[in-house]
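Asker: What shape does this take:
(chains A and B)
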Amino acid sequence: MDILSHLTPMFFTLIAAGTLIGIIFGAIPGMTATMAVAVCLPLTYAFGLVNGIALLLGLYVGGISGGMVPAVLLNIPGTPSSITTTFDGYPMAQRGEGERALKTGIVASIFGGLFSAAVLFFFAPVLADFAIKFSYVEKFLIILLALTVIASLCSNMLMGIFSGVLGVWLSLIGTYSITEGGNGEPRLMFDFMQYYLIDGFSLLPVLIGIFGLSTILLDAENGFADAPGQGRIKLKGGARFSFSIFKGQLVNLIRSSGIGTFVGMLPGVGGSAASVLAYSQEKNFSRDSSQMGKGAPQGIVASESSNNALTGGALVPLLSLGIPGDSTTAILIGAFTLQGIQVGPLFIGNNMDTWYLMIIALVAANVLMFGIMYFAIRHIAKVIEVPKYILYPLIVMMCVVGAYAINYGIMFDVWTLLIFGVFGYVAQKIGLEVVPLIIGFILGKSAEVYFVKSIESYGNLTIFFTKSPIAAFLWVLIAVSVAFAIYLRVRNRRRGASSLVE
Amino acid sequence: MDSHWLSLFDVTIDFSQSHLFFPRIVTTLLGILLVMILVTRYRRIVPALRHAGRVVGGREGNFDRKRFFGTLVLVTLYFYLMGVLSDVFPNTGYSFLIMSVLFVFSLSLLYAERLSRRILLIITLNALIAPAIAWYVLAQLFRITLP
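Answerer: Residues are numbered from 1 along each chain as shown, chains lettered A, B, ... in the order given. Reported below is the predicted structural model:
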C-alpha cells in the first residue's frame, strides 16, 4: 500500500508537535489557531506535502482546543470559539473544579473533532462528485452564494457586503493572468506600481499581516495593561473528574457536534457562532438547564464539542469546492497551493492517497490532542503566564520568515505584511468585517475568470439563470440566504423594540 | 420572437479589453456600496473621526501611543534595514539573524511593563537565542530562503 509508507514516525511526530504548538497558541489569549498556522507556515516549506499537512492539521485542531484553558481558568476565551466555555467553566474553576471542567471540555472536544472528521470523510467526496459537473457558470454562482452567505450572517450586512466586495477588488490588482485565459494586461494600479504588483498581492503575506501583525497592533494600543496570568488559579480541590459526567449527555454531544460541523461548512462563519448556537440550543432543549451559567458541565460539553466540530466542517467546502470555511482554512488553502495542490472538486478524486492521509492526520490530531491535554493539562495551564513581551517579538519575526520565503525571497512580500497588518488594524477599527474580506480576496480571481469566460462563451447575461437546473437552484439558495438575513434583522429589531417597551 | 428581448442581455467582451471588464463591475459596485454606507451613517462619521483623533492624540481613552507607534516604527525599521543588509550578505540569512536579534530585543524592551535586572536578562537571552534557533533551523537545516 502506498498510504502505509507515508505513515512514518515523522508523520505522527509532526502531528503531535503541531497539536502541542497549536494548544499553546490557543491557550494564550489573543493568539488563535489562525495565527498558529500562519506562524508555523515556514516550517512546512521544508517538509513534503504529506508531512506538511500533518503539521498544519495538528496546529488547526490544537489551536481550536487550546482556547478552553484560559476560558476555564481566567474567564478569558483563548480563541473566540471558546467564549461560551467561560460561562460554565469559570464558575467551576472558582469552586476549585478547574481540572474537572478542563477534562470535561477535553472529552467533549475529541467527540466533536471525531464526529466532524467522520462527516468530512463521508460528505466531502459526495459534494465533490456533484461539483465536478459544474461549468464556469455554476462555479461563479457557488462563489456568489458563498459571499452572500458570509455577508448575510455578518452583524452589519451592508458592511459585510462592502468588505467582501473590497476583498474581491483587492484580489484583482495585478495582471489578468494569461495562464487562466486572460490577456496579461495590468489593471487597478498606477504605472510605477507595476514592478511590485505584476502578480498582485500574494495571498499568504496578506493573511499573515491581517491575522498576525494587526492582532499585535491591536494589543500594543492597549499597552498590555490587562495582562492575564496574575490571578490565583485553582485546578484542584473540588469534585473530581469522572466519565459519569457524560451520563445523559449523548444527545447534547451529538446535537452540539452537528451544529458545529454545519456552521463550520458555511463559509466565513466564525467559531464563536457555532459555540453560541450550540450553547443556546442546549439551554433551550435540555431537561434541566437551571444550572447553566453557574458551572454546569453540560454547558462546557455543548461549547467544546461544537467548536472542535468546526475543524472537520470547515474542511468540507475547502476540499470539495475550494472555498475556505473559516480564516484558518483560508491559510490552509495558501499552504496547499504552495505544496502544489489545487483544492477543488477534482482534488479528492485525483489525490486519493493524500485525501486518506488527511483524514488519518485529522483523526490522529484529535486523539493526540486528547492525550496531550488530558495528561498534561496542569503544565499547559502554566503557558498562559508567559509574558507577551517575550512572545510578540518572536511572532513578528516568524511572520517575516513566512512572508519572505513564500516566493523564495521577495522583499515586497514582507512589505505586504506591513501594509495589510496596518490595513487589518484600521479595518477592524472602522467596522469592516475581516472574514468576508479575506474570503472575497481568496475567491476574487477565480470569480473573475468564471464570470468573464461564461460571458465570452455564451455572450448573454441570462445564461447565469438558464444554464442548468443547478444554476437555478443556486439562485434559489442565494435568495434564501438573503431572505433569511432580512428575516433575522427584522426579528432582532422587533425584539429590540419590545424590550424597549418593557 | 422569444429571443428578441433576450438579446437585450447580449454582452460581448473585446479580448484586448477583457482585463478591465470584471474590475469595472467590481469597482462600480464598491463605489455604490461606499456611497450607501456614507449616506446611511454620515451623521456618525464625523463625530467618530473626531473621537478617534482625540484618542490617538492621547486626550481621551487609554490609547498607548508609545507602544502603538513604537511598534509601527520598529517594524518598519526592521523590514527596511533587513532589506538593505541582505544586499550586503546575500543568500546567507545573516541579515535576518542580525536584524532579528536587534528587533526582538527592542520590541521586548518597548513592551515590558517594568524592567528589573532579571527581566532584562530574560529579554536579552530571548533576543539572542530565539532568532539564532530560528535562523539555524530554517536557514541551515531546512534550507529556507531568508533575507
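
Asker: next helix or strand past the lowest-mean-pLDDT helix or strand in chain B?
Answerer: Least confident helix or strand, chain B: helix B:2-6 with a mean of 65, by mean pLDDT, DSSP states H and E. The helix or strand immediately downstream of helix B:2-6 is helix B:18-56, counting by DSSP states H and E.

Asker: Can you show me the CA trace of the next helix or strand after that following helix as PDB?
Answerer: With elements assigned by DSSP H and E, the helix or strand that comes after helix B:18-56 is helix B:65-88. Below are the C-alpha coordinates for helix B:65-88, written out as PDB (Å, rounded to 0.1, in the frame of the first residue of the first chain):
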ATOM      1  CA  ARG B  65       0.800  55.900  21.900                       C
ATOM      2  CA  LYS B  66       4.300  54.900  22.900                       C
ATOM      3  CA  ARG B  67       3.800  51.200  22.300                       C
ATOM      4  CA  PHE B  68       1.500  51.500  19.200                       C
ATOM      5  CA  PHE B  69       3.600  53.900  17.200                       C
ATOM      6  CA  GLY B  70       6.800  52.300  18.700                       C
ATOM      7  CA  THR B  71       5.700  49.000  17.200                       C
ATOM      8  CA  LEU B  72       5.000  50.600  13.800                       C
ATOM      9  CA  VAL B  73       8.300  52.400  13.700                       C
ATOM     10  CA  LEU B  74      10.300  49.400  14.900                       C
ATOM     11  CA  VAL B  75       8.600  47.000  12.400                       C
ATOM     12  CA  THR B  76       9.200  49.500   9.500                       C
ATOM     13  CA  LEU B  77      12.900  49.900  10.500                       C
ATOM     14  CA  TYR B  78      13.200  46.100  10.900                       C
ATOM     15  CA  PHE B  79      11.900  45.500   7.400                       C
ATOM     16  CA  TYR B  80      13.800  48.300   5.800                       C
ATOM     17  CA  LEU B  81      17.200  47.600   7.300                       C
ATOM     18  CA  MET B  82      16.800  43.900   6.700                       C
ATOM     19  CA  GLY B  83      16.300  44.600   3.000                       C
ATOM     20  CA  VAL B  84      19.400  46.900   2.900                       C
ATOM     21  CA  LEU B  85      21.600  44.500   4.900                       C
ATOM     22  CA  SER B  86      20.500  41.500   2.800                       C
ATOM     23  CA  ASP B  87      22.300  43.100  -0.200                       C
ATOM     24  CA  VAL B  88      25.500  43.000   1.900                       C
END
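
Asker: I'd like to know how many residues surround the closest residue in space to residue A:198 that isn't next to it in sequence.
Answerer: Spatial nearest neighbour of residue A:198, excluding adjacent residues (C-beta to C-beta, 6 or more residues apart in numbering or on different chains): residue A:175 at 5.9 Å. In short, each C-beta sits where N, CA and C put it, glycine included. Residues lying near residue A:175 (other C-beta atoms under 10 Å in any protein chain shown) number 19.

Asker: same thing with the one 10 residues further on?
Answerer: If you count neighbours by other C-beta under 10 Å, residue A:185 ends up with 13.

Asker: Residue A:175 is in contact with that one, correct?
Answerer: Yes - taking C-beta atoms under 8 Å as the definition, residue A:185 is a contact partner of residue A:175 at 6.2 Å.

Asker: which residues do these two both contact?
Answerer: Both residue A:185 and residue A:175 are in contact with residue B:19, where contact means C-beta atoms under 8 Å, 6 or more residues apart in numbering or on different chains.
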